[in-house]
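Peer 1: missing the sequence, but the structure's below:
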Ligand SMILES: [Zn+2]
């Protein structure tokens with residue numbers, strides 16, 4: 001990708017695909033804030049497949065899904081640019097081979113386009129998605145385009161156009177985080193609109209939780225105008241770790257004259273949408289997943305209990321008695 005094309009796709013992402021008919025700038029507060037986005041001309045923001053949402057772990061539907069396959073996510077990209085868009089921090093990258101996500105019941109194969117972050121003024125807010133009433137201080141979105149569409153414009157016009165992988169960050173100690181290697185780049189983009197090359201960029205895997213086995217899945221939208229309803233969401237249940245010092249780097253980024261402060265959209269109604277949770281089949285509570293029922297009646301599970309010594313003796317005695325009853329005298 002040439003530098004120009006890189007810059008163009010960066011601006012494309014940064015502007016979050018704003019439709020041309022919207023003549024006003026959107027923001028995260030005030031008259032042009034989230035509750036007024038549809039009135040600014042971004043009509044989809046009012047529809048019924050919107051993101052983010054609040055997830056309740058008691059209301060999810062457990063499913064045995066194939067694991068996600070994250071091809072080349074462990075490779076450091078050839079080039080990574082980090083940009084302060086006035087409303088957030090967005091990374092674009094050049095990677096060879098291309099980073100691809102597939103499996104995990106995604107409706108296609110998706111190429112990574114870039115990633116960005118959402119945060120808040122303090123540790124109690126920041127994430128867009130909420131789990132069991134809890135917000136996290138930082139949420140990262142890895143934006144991926146369905147490989148069957150040639151560009152982002154086409155992808156944002158199709159219900160299966162995009163897949164976004166969401167990572168919740170929580171304050172705490174963890175394995176060496178890729179955020180360490182974004183720190184100096186974050187310091188260089190304090191000013192709204194500034195952009196920098198990330199030296200020694202981290203791989204995406206270094207920015208993700210140690211395990212990507214467990215995740216939530218639902219159908220939603222972009223969380224910024226135009227709010228296009230084209231996103232298959234994957235939210236990893238395990239969190240990545242961040243330090244207070246690293247969080248301060250995000251909070252120090254300026255937008256138009258003052259700090260960005262917060263850049264998360266409030267949660268949207270689900271309107272009957274189901275949130276699925278992926279569990280591996282070999283986990284203890286597999287019976288809840290519903291697959292056991294597909295393989296045999298619920299009795300098949302408890303019948304395994306008949307192999308317990310006491311019951312086995314009982315069944316053998318019964319069979320022997322039955323045979324004896326039939327023996328000719
Ligand atoms: Zn986002």
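Peer 2: Good, I have the coordinates. Note that the structure is a prediction, hence the values are computed from the model and not measured.

Peer 1: and residue 187, what element?
Peer 2: helix 183-188 (DSSP states H and E).

Peer 1: What is that helix packed up against?
Peer 2: In terms of contacts (3 or more C-beta pairs under 8 Å, 6 or more residues apart in numbering; DSSP states H and E), helix 183-188 is packed against strand 195-197, helix 244-251. For every residue, glycine as well, the C-beta is placed using N, CA and C.

Peer 1: can the ones you listed go into CSV with extra columns for mean pLDDT, mean neighbour count and distance to residue 44?
Peer 2: Output for the helices and strands packed on helix 183-188, formatted as CSV (pLDDT from 0 to 100; neighbours: other C-beta atoms under 10 Å; distance: least, C-beta to C-beta, whole Å):
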stretch, mean pLDDT, mean neighbour count, distance to residue 44
strand 195-197, 98, 15, 28
helix 244-251, 95, 16, 27
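
Peer 1: Dump these to TSV, plus distance to residue 42.
Peer 2: Rendered in TSV, the data for the helices and strands packed on helix 183-188 read as follows (distance: least, C-beta to C-beta, whole Å):
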stretch	distance to residue 42
strand 195-197	25
helix 244-251	25
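
Peer 1: right, and these - which one's nearest residue 103?
Peer 2: helix 244-251 (30.6 Å; C-beta to C-beta).

Peer 1: Now residue 99: closest residue in space, sequence neighbours ignored.
Peer 2: Closest residue in space to residue 99, ignoring its immediate chain neighbours: residue 112 at 3.9 Å, by C-beta to C-beta, 6 or more residues apart in numbering.

Peer 1: Residue 256: neighbouring residues, count only.
Peer 2: 11 (other C-beta atoms under 10 Å).

Peer 1: And residue 213, by the same measure?
Peer 2: 15.

Peer 1: Touching, it and residue 67? I think so.
Peer 2: Yes - look at residue 213 against residue 67 with C-beta atoms under 8 Å: they come within range, at 6.7 Å.

Peer 1: Any regions of the stretch 1-150 of the chain where pLDDT drops low?
Peer 2: Residue ranges of the stretch 1-150 of the chain with pLDDT under 70: 1-24.

Peer 1: Could you check how far the closest residue to residue 78 other than its chain neighbours is from residue 77?
Peer 2: Spatial nearest neighbour of residue 78, chain neighbours left out: residue 94 (5.0 Å); criterion: C-beta to C-beta, 6+ apart. Applying C-beta to C-beta, to the nearest Å, the value for residue 94 to residue 77 is 6 Å.

Peer 1: which one of those two has more residues nearby?
Peer 2: residue 77 (20 against 15).

Peer 1: one step back: for the residue nearest to residue 99, helix, strand, or coil?
Peer 2: strand (DSSP: H, G, I helix; E, B strand; the rest coil).

Peer 1: That one is in contact with residue 146, isn't it?
Peer 2: No - contact criterion C-beta under 8 Å: residue 112 and residue 146 do not qualify, at 11.9 Å.

Peer 1: Tell me how far the residue nearest to residue 78 lies from residue 217.
Peer 2: As judged by C-beta to C-beta, residue 94 and residue 217 stand 29 Å apart.

Peer 1: ok, the nearest residue to residue 130 once chain neighbours are set aside - contacts?
Peer 2: Nearest residue to residue 130, sequence neighbours excluded (C-beta to C-beta, 6+ apart): residue 54, at 4.4 Å. Applying C-beta atoms under 8 Å, 6 or more residues apart in numbering, we find residue 54 in contact with 129, 130, 131, 133, 267.

Peer 1: number of nearby residues for residue 123?
Peer 2: 16.

Peer 1: hmm, I was thinking of residue 98
Peer 2: Here the number of neighbours of residue 98 (other C-beta under 10 Å) works out to 11.

Peer 1: before we move on, back to that, now the residue nearest to residue 130: how far from residue 270?
Peer 2: Here the criterion is C-beta to C-beta. By it, residue 54 lies 8 Å from residue 270.

Peer 1: now residue 98
Peer 2: 33 Å.

Peer 1: And residue 31, by the same measure?
Peer 2: Distance, residue 31 to residue 270, using C-beta to C-beta: 27 Å.

Peer 1: Who has more neighbours out of those two?
Peer 2: Neighbours were counted for residue 31 and for residue 270 using other C-beta under 10 Å; residue 270 has more, 18 against 10.

Peer 1: correct me, but the more buried one touches residue 52?
Peer 2: No - using C-beta under 8 Å, residue 270 makes no contact with residue 52, being 10.8 Å away.
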